[in-house]
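Peer 1: Generate a structure from the sequence data that follows.
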Amino acid sequence: MNDQSKSSKSKKDIGIYTADDLYDSVMSLYKGEKHKQFSTGFGNLDEIWKIVKPCFVVITGVPNCGKSSLTMDILMHQAKKYGHKFTIFSPEHSLEMNVLRLCEKYHQKPYHKMFKTRLSEVELGEAIVFIAKHFFFIDRYGSQPDINWIVDRAKMCKDKYDIFGLVIDPYNEIDPMRSSNLREDEHISVVISKIKRFNRETDTMSILIAHPNKQIRNAEGKFVCDSLYSISGSAHFYNKTDVGIIISRDADKEMTTVAVRKVREISVYGEIGECILKYSTRSRCFHTEGDFAQRFGTRKKSFFNDKSS
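Peer 2: Alright, predicted model coming up:
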């Protein structure tokens, strides 16, 4: 080991750095080389949200608003366009159902026999081959895993498959048991810190989907989630995230609003704003093509009239 390597190792072990130690990294950040940005797969969403690593993203919204479906659309685009790989912890669905849902995203066709345009067996087999190379599912049958177990498996996937990111869907499927000396909000802070530390140490991104516990009714009497502070348990979901997103769906108009309400570094992760997507029951995917995207596009805002802004 040369003297420079020994010096770098000793500084890392000690945890004390000077600006000179960080010179190359700072210059890379200044030149826009450090955080390579990737497309979400939706042109109007790309204007306000950039896929980068390392990064910690929180997505929330009322039940059945499309949080998981949109996330899978984005993951599939990442895999098909860039070859990115992901680890998924999503125990609300069986492992088999998670694979089928990704198969739908791969071909943009439903799998269920009630649809005339359903996936053929040949198409299903083709999708499974692709998914096997790009997605790795973790689950702990018989018990609810804690964050240490999840992060350890994600690290294994990073070492073996060089994953781009981790998805936890949803947060409330993580074992809620905490040390007796910790309040719930303190426990949540610890959980988020462990995920973010994993991202920094492995140069990955994480998407955490969380359900709100505070839902209000709008003028039409429909439940809405209007703030990242509405997430069950703690304001840390807003305070500690790099990107915070609220998803809402108007089923009558077949419109889904994706609102970016928190961006830690505007030059890196995107900016505050919102866009409209359309969910197709025929393809089981979100779309922005045609007149729909042209009509609504992306509405950028420098400030939301919302306490989470």
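Peer 1: By residue count, which helix of the protein is the longest?
Peer 2: The helix spanning the most residues in the chain, taking DSSP state H as the definition, is helix 184-202.
Peer 1: Below-threshold pLDDT in this protein: ranges please.
Peer 2: Applying pLDDT under 70 to the chain picks out residues 1-12, 214-223, 289-309.
Peer 1: Strands along that one, start to end?
Peer 2: Assigned by DSSP state E, the strands in the chain fall at 55-60, 86-89, 135-137, 165-168, 205-210, 216-217, 223-224, 243-250, 255-263, 273-280, 285-287, 298-300.
Peer 1: looking at the ones you listed, which is closest to residue 96?
Peer 2: For those, distance to residue 96 was read as Cβ to Cβ. The smallest value, 9.7 Å, belongs to strand 135-137. Using the backbone N, CA and C atoms, a C-beta is placed for each residue, glycine as well.
Peer 1: Please state the offset of that closest one from the chain centre?
Peer 2: For strand 135-137, the distance from its own C-alpha centre to the chain's C-alpha centre is 15 Å (Cα atoms, centre = their mean, to the nearest Å).
Peer 1: Hmm, residue 236 and residue 192 touching each other?
Peer 2: Yes: with contact taken as Cβ atoms under 8 Å, residue 192 and residue 236 are classed as touching, separated by 5.8 Å.
Peer 1: These two: which is more packed in?
Peer 2: Remark: of residue 192 and residue 236, residue 192 carries more neighbours, 22 against 19, as counted by other Cβ atoms under 10 Å.
Peer 1: what's the distance between the residue positioned nearest the centre of the chain and residue 94?
Peer 2: Centroid check for the chain by Cα atoms, centre = their mean gives residue 207 as the closest residue, at 2.6 Å. Counting by Cβ to Cβ, to the nearest Å, the gap between residue 207 and residue 94 amounts to 20 Å.
Peer 1: and if you look at residue 269?
Peer 2: Plainly put, residue 269 is 33 Å away from residue 94 if you go by Cβ to Cβ.
Peer 1: Which one's more surrounded, these two?
Peer 2: Looking at residue 269 and residue 94 with other Cβ under 10 Å, you find the greater number of neighbours at residue 269, namely 22 against 12.
Peer 1: Kindly provide the distance from that one to residue 40.
Peer 2: Using Cβ to Cβ, we find residue 269 at a distance of 12 Å from residue 40.
Peer 1: tell me, what's touching the two both at once?
Peer 2: Residues touching both residue 269 and residue 40 (Cβ atoms under 8 Å, 6 or more residues apart in numbering): residue 49.
Peer 1: Count the residues that sit near residue 273.
Peer 2: The number of residues packed near residue 273 is 21, by other Cβ under 10 Å.
Peer 1: hang on, I meant residue 49
Peer 2: Summarising burial for residue 49: neighbours were counted as other Cβ under 10 Å, giving 23.
Peer 1: same deal with the one 4 residues further on?
Peer 2: Other residues near residue 53 come to 17 when the count uses other Cβ under 10 Å.
Peer 1: what's near enough to touch it?
Peer 2: With contacts defined as Cβ under 8 Å, 6+ apart, residue 53 is in contact with 35, 164, 165, 199, 203, 204, 205.
Peer 1: 7 Å instead?
Peer 2: Under the criterion of Cβ atoms under 7 Å, 6 or more residues apart in numbering, the contact partners of residue 53 comprise 164, 165, 203, 204, 205.
Peer 1: between the residues you listed, which is closest to residue 24?
Peer 2: When the contacts of residue 53 are compared for distance to residue 24 (Cβ to Cβ), residue 203 comes out closest, at 15.6 Å.
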